[in-house]
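Asks: Build me a model:
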Amino acid sequence: MSTTAPPVNRLTIEALLETYAAKLPEHRLMLVHGRYHDRAASSFTVRIGGEARRVHVSNQSSVLGIVDAWQQHRADASRSGELLVVTSDIDDTHLGWDVRGQAVKHRVLTVQKPEIVKQRFGARELDPRMYRETWLLEALLDAEPTDGWPRSGSVLTYDAAVRALVVARLGLGVPGEATAGAAIDTDALLTWSRTPAGPARFLEVQAEERAELTRWLVETAGPAVSVLMSLVETGRGDDAMARGLLGAAMADPATGPDTVLAVGGLLGQVRRADVLAFSDAVAGTLTRWIGEASHNDAARRRVLQTVERADLLAKEAGLTEALATNRFLLSSFEAQLRAVANGLDRSPARAETAFGELEGHALAVLFRHRIDIAAMAVRICRWIAEPQPSVASVAQAVHTHLADWGWVDRALHALWSGDPAGDPAVAAAYRSLYDTARARRDLLDEQFATRLAGWTRTADDANPGNCLLAERVLAEIAEPLCQKKAAPLVLLLDGMSSAVAVQLGEEAEREGWIEAAPVPLSGTPGRCAAVSLLPSVTRISRASLLSGGAVMGGQSVETAGFNAFWKRRRRNGLLFHKSSIQGPSGHRLSEELSAALASDAVVGAVLNTIDDALDHGQQGERTVWRIADISFLRELLTSAKAYGRPVLLVADHGHILEHGTAMTRPGGGAESSRWRTGTAGAGEIELSGPRVLEGDGTIVAPWREDIRYTPRKAGYHGGASLAEVTVPLLVLLPEQSRLPEDWQVLPREAVTPPWWSASAGTVDERREPVERSTPTRQARKRTTPGGTAELFAEEDVAVAAAPSLGSLVVAGSVYRAQQEYVRHPPEDSMVAAVIDALAEAGEHMSPAALAAAISATSRVTRNIEGFIATLQRLLNVEGYPVLALIDSGHTVKLDVKLLRTQFQPEGPRK
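Replies: Predicted structure coming up:
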């Protein structure tokens with residue numbers, strides 16, 4: 001009787017041929033006890049002993065079949081020198097000597113699996129355990145990759161063999177890399193579960209092998225794998241990650257029986273600890289995918305497919321409510337966004353708390369635009385909670401608009417576009433908030449228009465009313481920039497509003513520019529803002545600003561006026577418009593402009609991108625402006641920095657956006673979209689005076705943003721609103737040494753409204769208040785001869801308040817010890833001032849603001865980066881990041897909690 005023949009494949013045949021290579025030159029027939037697969041290749045070429053030989057394989061089930069196959073092979077002249085391998089379940093006793101005598105070893109060869117496995121791995125010995133694991137030997141012979149098994153060294157261990165088999169069966173990667181030490185962990189297996197043929201391919205493997213591989217994987221990668229592989233076994237492997245997210249519902253010890261039952265239905269009957277381990281593993285893998293999603297579309301799709309499937313499963317299982325706070329579900333993201341919306345009409349603190357939770361949601365980075373809109377809503381909520389501002393004068397209004405109300409406009413522009421996903425509840429909350437804030441802004445525009453009308457009647461160069469006039473910008477701002485070495489580059493961004501200017505200022509600061517402004521005679525430092533000529537249209541405002549006087553005209557007037565202005569100051573002035581800025585092929589800037597930038601002339605350039613977008617862009621769509629959005633701006637800034645030029649970014653006028661305006665047909669003549677002649681009506685103001693260059697010195701302009709006189713566009717200018725009349729200015733220095741006399745650096749904190757970047761009336765746990773060492777007055781009691789106490793206020797004495805955190809740190813023994821590691825440590829007062837300033841500012845400050853805090857101690861540091869590095873050596877005890885530079889070096893962060901832990905400052909802790 002013949003014994004059952006084991007299955008053999010091409011690789012097994014090749015291994016046998018290599019084993020008996022020495023016998024092949026004298027034999028052309030090999031008999032093998034085995035069963036060759038019908039669909040496997042019956043003819044192939046293989047290298048044997050360094051020589052290529054053609055091999056034919058024939059599977060036969062009878063003696064006659066074997067004899068016939070051999071005779072046909074011998075008779076075929078085309079097969080001369082080629083080998084025939086016959087696989088069969090016929091043993092030697094049934095074969096005659098006429099066949100066996102011509103075969104290798106003169107007998108039917110038995111497949112010695114351990115020997116073949118050793119050969120295929122290039123090993124001399126096998127782990128003794130492998131001889132008992134028949135399933136493993138058979139699987140290794142069956143699953144060998146086309147490029148072979150990796151070389152294992154002298155001994156093939158059990159773990160190395162199973163690892164190689166897992167990689168091959170699951171298709172995890174290059175087997176050689178896995179065997180060489182690449183970890184097979186839960187993350188890799190979860191990723192595998194999402195591959196198109198992953199789990200299905202595993203289910204094609206024999207049941208015994210699957211069970212053994214699963215056992216090894218659990219031992220190697222942890223208990224979470226047992227849940228994953230049980231899902232794979234039941235045909236739910238492709239949903240494993242989605243189901244794992246829902247397992248988080250078991251994290252609450254008070255989980256109800258309904259939830260436990262629902263989770264059991266999704267994940268099977270597994271232990272609670274294993275469910276939680278699996279859920280944590282899924283969260284870790286999904287977090288990694290989310291990190292990749294910002295620059296990898298495939299990763300983004302993978303994340304969204306997983307969380308969308310998880311939400312569907314949660315809904316079907318009735319788990320949506322139990323997972324309302326889950327960090328990974330779309331439904332919980334939507335719920336948290338609606339919580340922000342619900343908090344907007346209650347209090348800033350409530351909205352702030354909800355927004356903090358929303359930002360902490362794992363999917364927040366995938367929906368950055370929705371988060372940004374929500375952030376704008378929270379900012380507007382803070383602003384509304386502040387006392388109603390008012391307009392005291394034109395000068396105060398334009399200054400405050402650039403410093404504060406322009407930021408409101410920026411937020412309102414974003415809020416108008418609403419939630420990108422169109423959630424009805426969120427949209428309604430945003431609209432309500434927008435309407436409230438818009439009414440508040442309209443009141444400011446109305447007050448401003450009234451002040452503007454009175455001021456305009458007499459305002460001129462001799463009587464500016466404390467205002468910076470647009471036609472005086474070159475004289476009062478650009479000319480002082482000529483004090484130091486290189487002349488300035490004047491970039492006029494046609495139509496740049498305050499809302500746009502503050503965005504460009506933020507980006508310029510991040511790119512290393514230093515913002516500066518003249519030291520004010522009174523009040524707080526801030527950016528400069530000018531008042532446009534009227535009406536606030538290009539042919540008037542731009543020509544006047546570039547000429548240094550009130551004129552009307554086009555490019556020729558602007559160029560002549562710019563040249564004449566600087567010639568009167570014994571300087572060359574060169575102005576470039578759109579057609580003369582762009583260079584030839586291969587050059588962004590024209591040769592003339594590049595040469596001008598390299599010279600000592602004052603160079604000006606007019607950039608029309610913003611104004612063009614108002615005329616030709618999509619209505620209401622442009623809410624965000626970046627340096628890269630404005631043609632040639634980045635190239636010009638780069639060139640200016642290379643030549644050490646300070647840069648003046650200035651507008652000729654601002655603009656408003658199309659947000660549901662209505663076309664008005666006035667009785668008078670409509671000369672433009674936002675000004676006309678005739679009699680003023682509701683929402684309009686009559687303006688007349690020496691700075692009104694149209695309408696014979698008198699025009700009517702709307703202060704309300706919802707009025708226009710011409711067909712709809714993306715935006716408009718020419719009216720009397722703050723957004724149109726305010727001319728924002730940004731002065732950017734390539735380095736602090738270019739700072740003119742009587743000017744000062746403007747750190748980020750000095751130009752950002754508190755309500756924009758900080759919570760209203762709330763203090764983060766890490767942001768502990770710092771007590772200043774300011775003396776207080778305390779009454780002293782004096783005892784009279786009669787024993788009664790009298791209070792003598794006139795004899796009050798000064799009693800020092802509790803020392804500040806910075807003072808306590810620099811007075812401590814730990815700080816003294818740290819000073820030993822710094823050759824020239826800064827003065828204690830400077831270090832204390834830095835610590836106190838950072839603690840009071842919420843642990844974060846820009847380097848420029850830090851320099852300003854140091855200057856308050858009557859000390860000046862010209863190398864703030866070097867000073868920060870020295871502080872890090874002093875404060876970062878044992879390498880712990882007490883003080884760090886974050887945001888690519890644009891922000892200094894102090895960890896107050898870690899500071900207290902490391903330095904143990906004595907004194908009261910607030």
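Asks: Domain-wise, how is this structure divided?
Replies: 7-111, 183-328, 331-454, 468-660+717-752, 805-903 (automatic domain parsing).
Asks: and the first one, what's its mean pLDDT?
Replies: In this model, domain 7-111 has a mean pLDDT of 88.
Asks: Can you give the distance from it to the centre of its chain?
Replies: Its chain's C-alpha centre and that of domain 7-111 lie 63 Å apart, by C-alpha atoms, centre = their mean, to the nearest Å.
Asks: go on, the longest one?
Replies: Counting by C-alpha atoms, centre = their mean, domain 468-660+717-752 is centred 29 Å from the centre of its parent chain.
Asks: what's the span of it from first residue to last?
Replies: Using C-alpha to C-alpha, to the nearest Å, the end-to-end distance of domain 468-660+717-752 comes to 21 Å.
Asks: can you check the last one too?
Replies: Start-to-end span of domain 805-903 (C-alpha to C-alpha) is 11 Å.
Asks: Distance from the chain centre to that domain, please.
Replies: Distance, centroid of domain 805-903 to centroid of chain: 28 Å (C-alpha atoms, centre = their mean).
Asks: picking that back up, and E133, which of the domains of the chain is closest to it?
Replies: Taking C-beta to C-beta, domain 183-328 is the member of the domains of the chain nearest to E133, at 7.7 Å. The way it works is simple: take the backbone N, C-alpha and C, and place the C-beta from them, glycine included.
Asks: related to what we said a few turns ago, same list, the domains of the chain, but as TSV with distance to I707 and mean neighbour count please.
Replies: Output for those, formatted as TSV (distance: least, C-beta to C-beta, whole Å; neighbours: other C-beta atoms under 10 Å):
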stretch	distance to I707	mean neighbour count
domain 7-111	80	16
domain 183-328	42	18
domain 331-454	11	19
domain 468-660+717-752	8	20
domain 805-903	40	17
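Asks: Export those to JSON lines and append columns for distance to A670.
Replies: Below are the domains of the chain laid out as JSON lines (distance: least, C-beta to C-beta, whole Å):
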{"stretch": "domain 7-111", "distance to A670": "83"}
{"stretch": "domain 183-328", "distance to A670": "48"}
{"stretch": "domain 331-454", "distance to A670": "18"}
{"stretch": "domain 468-660+717-752", "distance to A670": "10"}
{"stretch": "domain 805-903", "distance to A670": "47"}
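Asks: out of those, nearest to P702?
Replies: Smallest distance to P702 across the domains of the chain (C-beta to C-beta): 4.9 Å, for domain 468-660+717-752.
Asks: quick one: average pLDDT of that closest one?
Replies: 93.
Asks: can you give me the strands in the stretch 251-400 of the chain?
Replies: Along the stretch 251-400 of the chain, no segments are classed as strands by DSSP state E, counting those that start in this stretch.
Asks: Please apply the same query to the stretch 401-550 of the chain.
Replies: Along the stretch 401-550 of the chain, the segments classed as strands by DSSP E, counting those that start in this stretch run 468-469, 489-493, 514-518, 529-531.
Asks: for the ones you listed, which one sits closest to W675?
Replies: Short answer: strand 529-531, nearest of the strands of the stretch 401-550 of the chain by C-beta to C-beta, at 15.6 Å.
Asks: could you say what helices and strands that closest one packs with?
Replies: With contacts defined as 3 or more C-beta pairs under 8 Å, 6 or more residues apart in numbering; DSSP states H and E, the packing partners of strand 529-531 are helix 394-400, strand 468-469, strand 726-733.
Asks: Just send those back as a markdown table, with distance to H659 too.
Replies: As requested, the helices and strands packed on strand 529-531 are exported to a markdown table (distance: least, C-beta to C-beta, whole Å):
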| stretch | distance to H659 |
| --- | --- |
| helix 394-400 | 21 |
| strand 468-469 | 29 |
| strand 726-733 | 18 |
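Asks: closest to A240 out of these?
Replies: strand 726-733 (53.4 Å).
Asks: Any idea how far apart the tips of stretch 708-717 sit?
Replies: End-to-end for stretch 708-717, by C-alpha to C-alpha: 10 Å.
Asks: Tell me the confidence at E906?
Replies: 68.
Asks: oh, I was asking about G667
Replies: Here, the pLDDT recorded for G667 equals 57.
Asks: Show me where the stretch 151-300 of the chain dips below the pLDDT cut-off.
Replies: 173-183, 252-254 (pLDDT under 70).
Asks: Of all the helices and strands packed on strand 529-531, which one comes closest to W513?
Replies: Going by C-beta to C-beta, the one of these nearest W513 is strand 726-733, 4.1 Å.
Asks: Tell me which strands the closest one pairs with, and in which orientation.
Replies: strand 514-518 (antiparallel), strand 529-531 (antiparallel), strand 647-650 (antiparallel) (DSSP bridges).
Asks: angle of that strand against strand 489-493?
Replies: For strand 726-733 against strand 489-493, the angle by axes from the mean of the first three to the mean of the last three C-alpha atoms, to 10 degrees is 150 degrees.
Asks: what sits up against the next helix or strand after strand 726-733?
Replies: For strand 726-733, the succeeding helix or strand toward the C-terminus, using DSSP states H and E, is strand 743-745. Contacts to strand 743-745, defined as C-beta atoms under 8 Å, 6 or more residues apart in numbering, come from residues 480, 514-519, 525, 736, 739, 848, 851-852.
Asks: about what we covered before: A459: which of the strands paired with strand 726-733 is closest?
Replies: Of the strands paired with strand 726-733, the one closest to A459 (C-beta to C-beta) turns out to be strand 529-531, at 7.7 Å.
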